[in-house]
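**Student:** okay, predicted coordinates and the sequence, questions at the end:
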Amino acid sequence: MANENKLQAIIAHAKEYGFVFPSSEIYDGMGAVYDYGQWGAELKRNVRDYWWRWMTQMNEQNIVGIDAAIFMHPTTWKASGHVDNFSDPMIDNKDSKKRYRVDHLIEGFAETLPQEQSEALLAEMDKLIAADDFAGLKTLIENNKIKCAVSGTSNWTDVRQFNLMFSTEVGSVAEEANTIYLRPETAQGIFVNFLNVQKSGRMKIPFGIAQVGKAFRNEIVARGFIFRMREFEQMEMQFFVRPGTQKQWYEYWKEKRMEWHMTLGIPADRYRFHDHVKLAHYADAACDIEYNFPMGFKELEGIHSRTDFDLKNHQEYSKKKMQYFDADLDENGKAYGNYIPYVIETSIGLDRTILMLMSEAYEEQDLSTEEKQDSRVVMKFIPRLAPIKLAVLPLTKKDGLPEIANTLMQECKQHFKCFFEEKDTIGKRYRRMDAIGTPFCVTIDHQTKEDNTVTIRYRDSMEQERVPMSEVKNIVMKAINE
Ligand code: ATP
């Protein structure tokens, strides 16, 4: 399937089967804001829980999780550099009034060029962005005669910086009001709590603090469905290390995070690392893990060596010491003593992970035989992440079959998400479960009454076999934990 068609097919499927809806759709929706429906919310929760457990429970490193507030003291964002630096170069088309992120405008144009020209153009753009050369970027756009998709003209304004933070006010009376920001990343909630966690948890370096939560960015070019949203969710972990060891921990986390991705059932060649050309203001090394989305390879997760930038700045702005006392001895037998730790960050978008999983899972299959035409859409989620693990389907609504099905439901729903359905033919019910990605369907029929066996049907192979009803729970549990 052509890539653009695949994205459109996924968007349509996501809406039809209750994964993702445009936000406030009855009012025609809101740009780059989406709501998760009944199955999307389950999928998202499964991914979030899995990431959380992998970080805070299954990890060989000492990592704890927190849940900080979205609102933070406004000085946080001065200290973090977001007030001054969290902006993208933008350009407006004077005829259509449409605003573009400069890198996206140039990248879009580069895609229309032969590979060699495209690479040369992007290399030139990277150089100019790294040098903050806005006049140079404008010249590059003009020299390449890049046009606005709406007006079709090349009548551009100058390139300007545009801050991506949303602001709002706290305080009941206007004069008392204080401008605050909706957090554009969850990381700062971790930094401001560094000492609270370290002291209350008696944490010894190296250790990590993980957090999952909403973040907000006033993205100008919002496209690619849930790839780029104005309200989204991040899963971040800050790992605090002794200064001088950050390079080795950076390599460690690059490798570890890729190991996590390999457990999602996605082939390795769908991922790649991309080292940053322009380092963010806080980083001494940074890379992205990119996934081959329907729109091509794009950032899914960032791994950043953030130095002591954040803690040092919070110490300066808050006048509170952010130091850690390290009693371990160095090679000369002296305690390392007091220092501000260095930080390695792993930061992954939950919504982008959902888009990745949906893109990877979505498959249209032609099942036609000589006798009849047939097809299905199947979502091949791994059982651990699938929204529903087991569908329990009585063959008919009578003869006591729903009652037997209900006893199986009662047993299994204590352990994993199940779904009960008695309407329509079994074939139709199977298809609906395929479309949601349910890995196992169990049919209760008249034979069940005689020998307590059921038919279990496997989503991917569509094979069916007869198993004792008492085995069903274990079969599903085993698959979930694989
Ligand atoms: P991009 O270059 O795509 O804008 P970024 O480099 O600004 O992303 P980070 O600040 O490193 O992103 O954020 C970490 C992660 O958060 C990203 O890898 C991505 O998965 C996710 N993320 C960032 N912005 C958005 C967004 N607007 N919508 C959805 N997810 C996002």
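**Tutor:** Happy to help now that I have it.

**Student:** can you give me the helices for the stretch 51-200 of the chain?
**Tutor:** 75-79, 82-85, 102-110, 115-130, 134-143, 187-191, 194-200 (DSSP state H, counting those that start in this stretch).

**Student:** possible to save these as CSV with mean pLDDT?
**Tutor:** Formatted as CSV, the helices of the stretch 51-200 of the chain follow (pLDDT from 0 to 100):
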stretch, mean pLDDT
helix 75-79, 95
helix 82-85, 88
helix 102-110, 92
helix 115-130, 91
helix 134-143, 96
helix 187-191, 98
helix 194-200, 97
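
**Student:** list the contacts of whichever residue of the stretch 301-450 of the chain sits closest to the ligand.
**Tutor:** Nearest to the ligand in the stretch 301-450 of the chain, going by CB to the nearest ligand atom, is Gly349, at a distance of 2.4 Å. Glycine gets a C-beta too; all of them are placed from N, C-alpha and C. Contact analysis of Gly349 by CB atoms under 8 Å, 6 or more residues apart in numbering lists Phe232, Glu233, Gln234, Met235, Leu300, Glu301.

**Student:** rerun that using 7 Å as the cut-off
**Tutor:** Neighbouring residues of Gly349 by CB atoms under 7 Å, 6 or more residues apart in numbering: Phe232, Gln234, Leu300.

**Student:** got the domain ranges for this protein?
**Tutor:** Per automatic domain parsing, the domain ranges recorded for the chain read 3-69+183-358, 388-481.

**Student:** for the residue of the stretch 1-150 of the chain found nearest the ligand, give its distance to Arg101.
**Tutor:** Here the stretch 1-150 of the chain gets closest to the ligand at one residue, Ala32, 7.4 Å apart by CB to the nearest ligand atom. Distance of Ala32 to Arg101, given as CB to CB, to the nearest Å: 13 Å.

**Student:** for the two, indicate the residue with more neighbours.
**Tutor:** More crowded of Ala32 and Arg101, by other CB atoms under 10 Å: Ala32, with 23 against 17.

**Student:** spell out which parts of the stretch 251-400 of the chain neighbour the ligand.
**Tutor:** The stretch 251-400 of the chain has residues Glu299, Leu300, Glu301, Gly302, Ser347, Ile348, Gly349, Asp351, Arg352 near the ligand, with proximity defined as CB under 6 Å from any ligand atom.

**Student:** can we see that at 5 Å?
**Tutor:** Proximity of the stretch 251-400 of the chain to the ligand is confined to Glu299, Gly302, Ser347, Gly349, Asp351, Arg352 under the rule CB under 5 Å from any ligand atom.

**Student:** narrow these to those in helices?
**Tutor:** Judged by DSSP state H, the subset of those located in helices is Asp351, Arg352.

**Student:** what's the farthest-apart pair in the residues of the stretch 251-400 of the chain next to the ligand?
**Tutor:** Gly302 and Asp351 (14.5 Å; CB to CB).

**Student:** could you save the domains of the chain as JSON lines and add columns showing distance to Val378?
**Tutor:** Shown next, in JSON lines, are these (distance: least, CB to CB, whole Å):
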{"stretch": "domain 3-69+183-358", "distance to Val378": "11"}
{"stretch": "domain 388-481", "distance to Val378": "4"}
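
**Student:** dump the residue contacts of Ala455.
**Tutor:** Actually, residue 455 is Thr. It isn't Ala. With CB under 7 Å, 6+ apart, Thr455 has these contacts: Val442, Thr443, Asp445, Gln464, Arg466.

**Student:** show residues contacting the one helix or strand Lys247 maps to.
**Tutor:** Element membership for Lys247 (DSSP states H and E) is helix 246-262. With contacts defined as CB under 7 Å, 6+ apart, helix 246-262 is touched by 54, 206, 239, 241, 268, 271, 273, 285, 287, 289, 301, 303, 305, 342, 344, 346.

**Student:** next SSE after it?
**Tutor:** According to DSSP H and E, the helix or strand after helix 246-262 is strand 271-275.

**Student:** restricting to C-alpha, output that next one in PDB.
**Tutor:** Extracted C-alpha coordinates of strand 271-275, given in PDB (Å, rounded to 0.1, in the frame of the first residue of the first chain):
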ATOM      1  CA  TYR A 271      14.300   1.400  13.400                       C
ATOM      2  CA  ARG A 272      17.400   3.400  13.100                       C
ATOM      3  CA  PHE A 273      19.500   5.800  15.200                       C
ATOM      4  CA  HIS A 274      19.900   9.400  14.100                       C
ATOM      5  CA  ASP A 275      22.700  11.500  15.700                       C
END
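
**Student:** what angle do it and helix 246-262 make?
**Tutor:** Using axes from the mean of the first three to the mean of the last three CA atoms, to 10 degrees, the direction of strand 271-275 lies 160 degrees away from that of helix 246-262.

**Student:** list the pairing partners of the helix or strand that comes right after strand 271-275 within its sheet, with orientation.
**Tutor:** Sequence-wise, the next helix or strand downstream of strand 271-275 (DSSP H and E) is strand 285-293. The strands that strand 285-293 pairs with in its sheet are strand 271-275 (antiparallel), strand 296-307 (antiparallel) (by DSSP bridges).
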